[in-house]
Every structure is written in C-alpha cells, then in structure tokens.
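A.B. asks: I'd like to go over a predicted model; first the sequence, then the structure.
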Amino acid sequence: MEIVCPAGTPASLRAAVKAGAHTVYCGFADETNARNFPGLNFDRTEMREGIAFAHKHGAKVLIAINTFPRAGAEAIWHAAISDAASSGADAVILADLGLLDYAAQNHPELRRHLSVQAAAANADMINFYASTFGVKRVVLPRVLSVPEIAAINAETEVETEVFVFGGLCVMAEGRCSLSSYATGKSPNMNGVCSPPSHVDYREDAGVLEARLGGYLIHSAAKGEAAPYPTLCKGAFTAGGKSGYLFEDPVSLNAEQLIPQLHKAGVTALKIEGRQRSASYVAQVVQNFRAAVDALAEGRPMPAGMLAQLSEGQAGTTGAYRKIWR
C-alpha cells in the first residue's frame, strides 16, 4: 500500500522522501490550504523545487487545495489549481464542488483526489464524484469501520485512502460548530480549529489554564501535561462529572490494523501532521514503511514504535473498530 505523508515545510518534504514515503502531500502558503499556519507551507518556488526533489527520488507530491472558496474570491483558488498543474504536481486534493469542476474543465490532465473535507462516506457519493468530476481517489472520513470500508471498496473502482496516524477529529471532517463559535473562524475556510491567535495560556496559583477564544478549555496542575486547547479534546464539567467529554487528547494509531485495511481494499495509508517537525515525519514514515514492506513480503509486522510520538503518548484506533457504537 502507498504511504502518503505530510509535509508542512520543504525540510519535512525532503525528510519524508528520504525516510521512504511513496507520496507527500503539502499546500501553498495561503488560504487555499486547510493547514494555513504561520511559518508553514510552500511558496510557488518552494513547491516547484519540492516536487522536483520528490520526483528525482521516485516519490509523488499531492497539493491540498482543500478549503472552501470565499464568495467573490474564487480566483485565488483557481490560481492555486493552475499553479499546482504548472508545478508538476501528481494530483490535487479538492473538497469544493466548484473547484472540482474548475479543475476538470480547465486542467483535465491533472489528477483529482477528493479531500476528506468532502466527507464522502458511501459508494454512491464516491461514484458520483468519479463520474461527474473524474475523481480517481477519495480520502475517507474518519468515521468508518474496517467492514464499512470493505463494503465501499466492493462497490466502487475509485481508490480509497485512509488515515492511520495523527490527529483524530470527532466532528464531521472539520465542520465544527464549537470551534467556529469560540473563535469566529471556520475550520473549513480558515484551516484550523484552534487558531494560534486565539490560544492563550495563563498560570494562576500554580495551575496552568489553557483558553481558546476566551473560553477555558483545560487546566493542569504543575507537572501535569497540558494538551493544546482543542475544544473536542478539552476537559469539561457536566452532569456532575468532570473529564474529557468528547474525546481524550490522544492520537489515531491504526498501525496494527494495516493487514485488515489491506484486505479491505485500501490503496493508500495517510499520516496526519503537516504542522509537525521534520524529525517527527521521518520517524513515523520509517515505521509505517517498515510495516507496509513487511506485509508485502509476507513477514511479521514489526512491533509498534510510535507511542512516544502520539498526543499524550497514547493512541486509539478511533472508528475503525467502533468499540463505542
């Protein structure tokens, strides 16, 4: 199976390729990219150079143009698609119907992948995107079990890509009303559910308080880990109970499910984390490449080495096993 790795910077792209990633995904340094963080992403020259480096080493590059255009500003997103084509990208990752149509009409030679932001979670929906816009691959939302993924693959010829490691969103793929309410910024349009500009840490009587948009999300005593203030992973008090009501601050780790995902017909394994460091990217890629190579060669899967890289140094298989259903 293909390993699809994140790159938030040119250094991360090079690290991913050298570590054995088959494919790298990244974005331009503007609002067309759902990871539009200060200091991250690629200008046009960096993107062309990064693609050339990857191709020289036998790897592919996908450009994520996965936010939804602002009314009246569609030209910004159209330019990103055109620049992706002229830069030699192997595919663009799109979510918006209008952008899919624009790419199909104006750059038919440019391969189109459907972003997880489109939340296509059944074969009928996926086949519609394929027949209407020529989509070749869909990134499946993180709400499906392995049997459900197998059922989708039995009814479509579109390639499927699934997340196997990194951040786990419990919302409908970025459609988070909670964070939009707290910050006034939409994750689907502004690219982040907890914008750094709205994050605030304060220490009071030895307790570190983390706020998002002025709302207290988490408090930690001295020496305790203080997770990044993401609303769905915050600690709250409700109904007389205190704790993580939506989701524990842990990372998705489906490493040991790779054989089942392969049997289910999955084409590509996606690692989340474009805001992560180059060293993080390299370690995760090396681990997953070893696992995929072992599976292909009929050898036992190597023991997991990723716990130390997970949020809270703990992992979950998320919806893949649906133990909470």
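C.D. replies: Nice, thanks for sending it over.
A.B. asks: which residues in the stretch 1-150 of the chain form helices?
C.D. replies: Secondary structure of the stretch 1-150 of the chain (DSSP state H, counting those that start in this stretch): helices at 10-19, 44-56, 74-87, 97-106, 123-133, 146-153.
A.B. asks: Just say which of those helices is most tucked in.
C.D. replies: Among the helices of the stretch 1-150 of the chain, ranked by average contacts under mean count of other Cβ atoms under 10 Å, first place goes to helix 10-19 (a mean of 22). Where you see a C-beta, it was placed from the backbone N, CA and C, and this is true even at glycine.
A.B. asks: Which other helices and strands does it contact?
C.D. replies: strand 2-6, strand 23-26, helix 44-56, helix 278-296 (3 or more Cβ pairs under 8 Å, 6 or more residues apart in numbering; DSSP states H and E).
A.B. asks: how big is the angle separating the last one from helix 10-19?
C.D. replies: The reference is to helix 278-296. Here helix 278-296 runs at an angle of 30 degrees relative to helix 10-19 (axes from the mean of the first three to the mean of the last three Cα atoms, to 10 degrees).
A.B. asks: Just give me how far helix 278-296 sits from the chain centre.
C.D. replies: Relative to its parent chain, helix 278-296 has a centroid offset of 17 Å by Cα atoms, centre = their mean, to the nearest Å.
A.B. asks: Could you do the shortest one as well?
C.D. replies: Computed by Cα atoms, centre = their mean, the separation of strand 23-26 from the middle of its chain amounts to 11 Å.
A.B. asks: Between its first and last residues, how far does stretch 268-288 reach?
C.D. replies: One end of stretch 268-288 sits 12 Å from the other (Cα to Cα, to the nearest Å).
A.B. asks: Now that stretch: buried residues?
C.D. replies: Across stretch 268-288, burial judged by 16 or more other Cβ atoms under 10 Å covers 268-276, 278, 280-288.
A.B. asks: coming back round to it: turn the helices of the stretch 1-150 of the chain into JSON lines, columns for mean pLDDT and distance to P196.
C.D. replies: JSON lines is the format used below for the helices of the stretch 1-150 of the chain (pLDDT from 0 to 100; distance: least, Cβ to Cβ, whole Å):
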{"stretch": "helix 10-19", "mean pLDDT": "96", "distance to P196": "18"}
{"stretch": "helix 44-56", "mean pLDDT": "98", "distance to P196": "22"}
{"stretch": "helix 74-87", "mean pLDDT": "98", "distance to P196": "22"}
{"stretch": "helix 97-106", "mean pLDDT": "98", "distance to P196": "26"}
{"stretch": "helix 123-133", "mean pLDDT": "98", "distance to P196": "33"}
{"stretch": "helix 146-153", "mean pLDDT": "97", "distance to P196": "34"}
